[in-house]
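Engineer: sequence below, structure please.
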Amino acid sequence: MRAAILEKLNYSVGKRRSVATDADWLLATCLAVRDRVVDRWLAGIDAAYQQGEKRVYYLSLEFLIGRLLFDNLNNLGMNPLVRAALAGLDIDLDRLRALEPDAALGNGGLGRLAACYMESMATLGIPAHGYGIRYDHGLFRQVMKNGWQQEYPEDWLTHGNPWEFERPEVCYEIGFGGSIEAVPISEAAMRHVWHPAEKVEALAFDTPAVGWRGYRVNTLRLWSARPIDPLRLDTFNRGDHAGALAAQVRAESISKVLYPSDSTPAGLELRLRQEYFFVSASLQDLVRRHIKAFGHISTLPDKTAIQLNDTHPAIGVAELMRILLDIHQIPWEDAWRMTQRTFSYTNHTLLPEALESWPLPLLERLLPRHMQIIYLINALHLGQVRKEHPDDGRLLSAVSLIDEYQGRRVRMSHLAFLGSHRVNGVSGLHTDLMRETVFHDLHTLFPDRIINVTNGIAFRRWLHEANPKLTKLLVETVGPEILDHEEAFARLRPLATDSVFQQRFAAVRYLNKLALADLIRKELEIRVDPAALFDVHIKRFHEYKRQLLNILETIALYNAIRAQPMNDWTPRVKIFAGKAAASYQTAKLIIKLAHDVARVINSDPTVRNALKVVFLPNYSVSLAEMIIPAADLSEQISTAGMEASGTGNMKFALNGALTIGTLDGANVEIREHVGAENIFIFGLTAEEVAASRARGIDAGDVIAGSPLLAEVLDAVESGVFSPDERDRYRGLVDSLRYHDYFMLCADFDAYYAAQRELAALWNRPDAWWKSAILNTAGVGWFSSDRSIREYAAEIWGVPARGP
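Structural biologist: Reported below is the predicted structural model:
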């Protein structure tokens, strides 16, 4: 291995050992490890062709894969080998690990789920491709300036990506705009030919996705956009040098940034261009592969399963229809049957703004042929509904692909639903709510189409790699089977009351907290006590995720500590991290409030070490891998009925953190598996939230009945935490008083009481660590391997092997 690394340093990096930097050593090491992956990768591809296996294609706008060096070393069992090889060269592997940039190709849970599922599909021996976009800058890099979030381009590709293979021969033209020509092919039939006004190229970059123990290696294929012609030479020679590059800039903008702001018409159009770009390239690619392997397009549904990861790739339904109809001349009825048998759709949200819809004029201008197909899908669909439910205008309106009441828009979630043979939710509660709310009428028409597959996480990433000390303890205690079989976690249950095991479990946590405390000191120049309760709230900032509720409770606790400084307060460190969407001003204001509250509390000598508040900037997969193993308390406090599932809750519980949360998303199932006495549930249920909203969302009476909450809101509103701008948070507080849609005021007292119960439990170490161990013991079911087995059996129709 040492020789392989030196060879890469010399012949691929072009450096001698004597002058090599750490960045050079990192590149050489990655390339040497990649070589060990390639043979398994190519062997798996060859086997899929030779055996005629059905393939799974996972289409996702996000793949939050993070750093890959340790991920691949862990899955290949090569960590000790590479560490020893580098040590013989006086190079520290951990130092190189810290240099590797996070691949910023996702925003949060959706993208991280896609990455976990890619790993599990390889682990279970399922031939699969992930398809997405190779963003040049991905999600923005978050920089805090005086507590305000500032967005800067992420630079993860500055030094290249050693894990990927550019495929210049795999390139597809993607069209936009233009006109449709109807060409007669017989007296009774017409063929439609789309003549795009603009074309760009999609260039493939392949990254091997390694399964556990290297059992199988699948492919993550990401598309990069480039112009057909990189330069208008005639324009350049006329002296318009910038204008000559306009087509290049326009094309490359498609794969430049993840989630560009859609608050402008140009931003909205770019979002649609991105989604169609990667979907079209992916479908062209998989159809080409299918014909190469099986000879004819007609067997596509038998050998191909396409999973739409949320609504972003929904335009794929119309695109596959276009390919079948216009390119392969498949009759409409056969094409529609093939499309439905091939596609399945995972819904990840009930939020209206996330259930994408596109203005008709934009779709008609940008994708005119697809709009024709969508109109016909809708006409045939509504014709069947009218036949079965005559005189039901409300139903026709509700199930139409066209929303006539919001400025005439295409409902992409409805398109995904109609074009799929299976639609799944991602937790038991979320699936029930799908049937009852957003897809209620479609569910009435197609009662067997919606099923549930609760999300899961890759234990290899979130335990073995993120928490090696706990992994070592579990292997020593339970046996090596725990590395391969999630059922083995249940063997920990009898040890939950074992005082010796509790001490060892707690000692591992303390070491992880020491490491996180050191990071906080280096990053923020704030010293925190690792013996304190680490209370962690890390996720994308959104009002429904209710970071604001946590901040308000923090202020209430601060007031109580100041009022009664001699009480025996449980030392607590509140740890926040997460990004707000660039155009989401309320979420950015909440981040600012978190900083203002932290500044006041951390500088108040009367508090001493009873309470600290920290905000770690630029949240990423790598930062999560540092924080989660050190967490004592996991904040999962979204408004009930609004979080589809969550996967952070599973990662924390796996590592032994206790959960405080609402009965929302997968919290419901976590409670079932770890025991109601080992999770702290508070607040309104989804049904109670709906009933409360129906009565009205003015919180005046609730606030009047809670002196504690009233005091906190008065402090925020009057500028106690913003003396430089007294009215900074007045509008935020007004929204809580008069428009408490997310039920912060309604749940505040219950949340505060649950936090005091938790503090009391923390002061009983034997009881705390019993619950912590039972959390780890109870979450084996939340492995992404279990999720993928369910997809394979119930949706895709493929065998799952492996562990």
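Engineer: with just CA atoms, put stretch 193-210 into PDB.
Structural biologist: The C-alpha atoms that make up stretch 193-210 are tabulated as PDB, following Å, rounded to 0.1, in the frame of the first residue of the first chain:
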ATOM      1  CA  VAL A 193     -40.700  16.100 -33.800                       C
ATOM      2  CA  TRP A 194     -39.400  18.600 -31.200                       C
ATOM      3  CA  HIS A 195     -37.100  21.300 -32.700                       C
ATOM      4  CA  PRO A 196     -35.400  22.900 -29.600                       C
ATOM      5  CA  ALA A 197     -34.300  26.500 -29.900                       C
ATOM      6  CA  GLU A 198     -31.500  25.900 -27.500                       C
ATOM      7  CA  LYS A 199     -29.300  22.900 -26.800                       C
ATOM      8  CA  VAL A 200     -26.700  22.100 -24.100                       C
ATOM      9  CA  GLU A 201     -24.700  19.100 -23.400                       C
ATOM     10  CA  ALA A 202     -24.700  16.900 -20.300                       C
ATOM     11  CA  LEU A 203     -21.300  15.400 -19.600                       C
ATOM     12  CA  ALA A 204     -21.100  12.300 -17.200                       C
ATOM     13  CA  PHE A 205     -18.800  12.000 -14.200                       C
ATOM     14  CA  ASP A 206     -18.900   8.700 -12.400                       C
ATOM     15  CA  THR A 207     -18.100   8.100  -8.700                       C
ATOM     16  CA  PRO A 208     -17.900   4.500  -7.400                       C
ATOM     17  CA  ALA A 209     -20.400   3.900  -4.500                       C
ATOM     18  CA  VAL A 210     -18.800   1.300  -2.300                       C
END
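Engineer: farthest residue from the center of this structure?
Structural biologist: Centroid-distance maximum for the chain: Glu187 at 50.9 Å, with C-alpha atoms, centre = their mean.
Engineer: from what I see, Ile315 and Glu275 are in contact.
Structural biologist: Yes: counting by C-beta atoms under 8 Å, Ile315 touches Glu275, with 5.8 Å between them. (C-beta placed from N, C-alpha, C; glycine too.)
Engineer: okay, stretch 160-168 in PDB with CA atoms only?
Structural biologist: Extracted in PDB, the C-alpha atoms of stretch 160-168 (Å, rounded to 0.1, in the frame of the first residue of the first chain):
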ATOM      1  CA  GLY A 160     -10.400  18.400  -8.300                       C
ATOM      2  CA  ASN A 161     -12.300  15.300  -7.100                       C
ATOM      3  CA  PRO A 162     -10.000  12.200  -7.000                       C
ATOM      4  CA  TRP A 163     -12.900   9.800  -6.600                       C
ATOM      5  CA  GLU A 164     -14.600  10.600  -9.900                       C
ATOM      6  CA  PHE A 165     -14.000   9.500 -13.500                       C
ATOM      7  CA  GLU A 166     -14.800  11.900 -16.300                       C
ATOM      8  CA  ARG A 167     -16.600  10.200 -19.100                       C
ATOM      9  CA  PRO A 168     -16.300  12.500 -22.200                       C
END
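Engineer: give me the contacts around that stretch.
Structural biologist: 27, 30-31, 34, 68, 72, 103, 134, 203-208, 222 (C-beta atoms under 8 Å, 6 or more residues apart in numbering).
Engineer: which of these has the most neighbours?
Structural biologist: Ala103 (28 neighbours; other C-beta atoms under 10 Å).
Engineer: and that one, what is it in contact with?
Structural biologist: By C-beta under 8 Å, 6+ apart, the residues touching Ala103 are 63-68, 138, 156, 161.
Engineer: closest to Asn763 among those residues?
Structural biologist: Using C-beta to C-beta, Gly66 comes nearest to Asn763 of the contacts of Ala103, at 36.2 Å.
Engineer: ok, what's across the strand from that closest one?
Structural biologist: With DSSP bridges as the criterion, Gly66 is bridged to Ala103.
Engineer: returning to what we had before: neighbour count winner among Ile315 and Glu275?
Structural biologist: Ile315 (28 against 23).
Engineer: where exactly do the strands run in the stretch 1-150 of the chain?
Structural biologist: Secondary structure of the stretch 1-150 of the chain by DSSP state E, counting those that start in this stretch: the strands cover 55-59, 128-133, 141-145, 148-152.
Engineer: what of the stretch 451-600 of the chain?
Structural biologist: Residue ranges of the strands in the stretch 451-600 of the chain, as given by DSSP E, counting those that start in this stretch, are 533-538, 572-577.
Engineer: dump those to CSV, plus mean pLDDT, mean neighbour count and distance to Leu709.
Structural biologist: Output for the strands of the stretch 451-600 of the chain, formatted as CSV (pLDDT from 0 to 100; neighbours: other C-beta atoms under 10 Å; distance: least, C-beta to C-beta, whole Å):
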stretch, mean pLDDT, mean neighbour count, distance to Leu709
strand 533-538, 98, 25, 19
strand 572-577, 98, 25, 18
